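Peer 1: I need the structure of the sequence given here:
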Amino acid sequence: MAKIALDATPLVESTGGIARYTRELSLALAEEFPEDQYWLLSDQPLSWPISRPANLHAGSGPRSPLERKWWLWGVEREMARRGIEMFHGTDFAVPYFPRRPSVMTLHDLTPWMREWQPNAARIRRRTPLLLRLGIATMVITPSEAIRRACIERFGLAADRVAAVPLAANSRFRPVDANPSRPYFLFVGRLEARKNVKQLIEAWRSVRVDHEIDLVLAGRARRDFALPPSETGLRVLGAVSEDELPELYSGALALIYPSHYEGFGLPVLEAMQCGTLAITSRDAAIMEVAAGAAIHVEAGDGRALAEAMAAVARQPEKFRALRERALARSRDFTWRRTARGTREVYDAARRRFGKK
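Peer 2: Coordinates of the predicted model:
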């Protein structure tokens, strides 16, 4: 039996890719390895999963002013109280003192792309030190594309970095949907990296000949200016996961022209719902889709509009691609992700023991 802690701080946000990763992974680990004990630790009040396996526990936050220096003292004291043997940093961080094996998940390199994450100075300052000093024993990335990029950027040993793909929740499946109007769908945070403005421009050009709406589902980042109201454009804001399968299933296509991704979870969710995806040629997304999506260059608005128009004219023409997407999506499950992650924990234990 092992006692393992996961950084639960991403659960402060009820939505978002890293929050979903933390929640789904912790639940899958606890269910797949019932002999282990898992602890969700954070120095902030959290939105815990409503229903948890008996071996998935909620830890305590700081108990003293000293412990408010969470990564320096607080998390270490909490793990000592619980007898925890290993820590998994789900969001670019691990405790500063390497008293036990640790695993860090590097979701992508956006913190080092200032045009996409200008406010990530803390990660840019802290994470490279944790990696280069060996404080993070092992590193997980969500795709091989990001694994290679991390090895190159931080000079990491190849056997210290493992790609463990994400998955979509089983609730994402084809469901009956009868929308009153045809629509294209975007799911994700509204921000510059997702190329939302170009998506809207491409949709406007398609709408000249095809009366199709555009639905945007996701929270807007603070620095993103929401588009003005116009006919056919529906900005839903944050949407619960329970609502998403019907949104995906009813759409003519998911449109996801992102400039850069670590994995591209909305693309997989759409594929698992049997929805056609039109997306960029981002390396991680292409790795996930594996030929089961339509790809265009992220900066090519004309190609994006042409792909959308082709689907609008003859949606039935892409039935085989939708079936291929469904088949490809079966390669991804949170159970598989949990097993792959647990293998990395074992590798971290072995590597730490050699120090």
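
Peer 1: burial of residue 176, as a residue count?
Peer 2: Residue neighbour count, defined by other Cβ atoms under 10 Å, stands at 7 for residue 176. For glycine as for every other residue, the C-beta is placed from the backbone atoms N, C-alpha and C.

Peer 1: Once you drop chain neighbours, what's closest to it?
Peer 2: Leaving aside its chain neighbours, residue 176 sits nearest to residue 249 (7.4 Å; criterion: Cβ to Cβ, 6 or more residues apart in numbering).

Peer 1: quick one: low-confidence parts of the protein?
Peer 2: Residue ranges of the chain with pLDDT under 70: 14-15, 47-50, 355.

Peer 1: Could you pull out the strands in it for me?
Peer 2: With strands called from DSSP state E, the chain shows them at 3-7, 37-41, 56-58, 86-89, 102-105, 138-141, 161-163, 183-187, 213-217, 233-237, 253-256, 277-280, 294-296.

Peer 1: surely the residue nearest to residue 176 meets residue 273?
Peer 2: Yes. The pair residue 249 / residue 273 is scored as a contact, 5.0 Å apart, by Cβ atoms under 8 Å.

Peer 1: circling back: next, the contact list for the residue nearest to residue 176, please.
Peer 2: Residue 249 sits next to 174, 175, 176, 177, 273, 274, 275 when contact means Cβ atoms under 8 Å, 6 or more residues apart in numbering.

Peer 1: Could you rerun that using 10 Å?
Peer 2: Each residue near residue 249 by Cβ atoms under 10 Å, 6 or more residues apart in numbering is listed here: 172-179, 185, 270, 273-275.

Peer 1: Out of the residues you listed, list just those in helices.
Peer 2: Residues of the contacts of residue 249 located in helices (DSSP state H): residue 270.

Peer 1: If we only consider the contacts of residue 249, which is nearest to residue 203?
Peer 2: residue 185 (10.9 Å; Cβ to Cβ).

Peer 1: Tell me how many other residues surround that closest one.
Peer 2: Counted with other Cβ under 10 Å, residue 185 comes out at 26.

Peer 1: Now list the buried members of the contacts of residue 249.
Peer 2: 172, 185, 270, 273, 274, 275 (16 or more other Cβ atoms under 10 Å).

Peer 1: hmm, back to that, now the common contact residues for residue 249 and residue 273.
Peer 2: With Cβ under 10 Å, 6+ apart, residue 249 and residue 273 have common neighbours 172, 173, 174, 175, 177.

Peer 1: which residues touch the fourth one?
Peer 2: Just to be clear, that refers to residue 175. Contact analysis of residue 175 by Cβ under 10 Å, 6+ apart lists 245, 246, 247, 248, 249, 250, 273, 274.

Peer 1: one more time with 7 Å
Peer 2: Contacts of residue 175 were listed using Cβ atoms under 7 Å, 6 or more residues apart in numbering, and they are 245, 246, 249.

Peer 1: Leaving out the residues flanking it, which one is nearest to residue 256?
Peer 2: Leaving aside its chain neighbours, residue 256 sits nearest to residue 279 (4.3 Å; criterion: Cβ to Cβ, 6+ apart).
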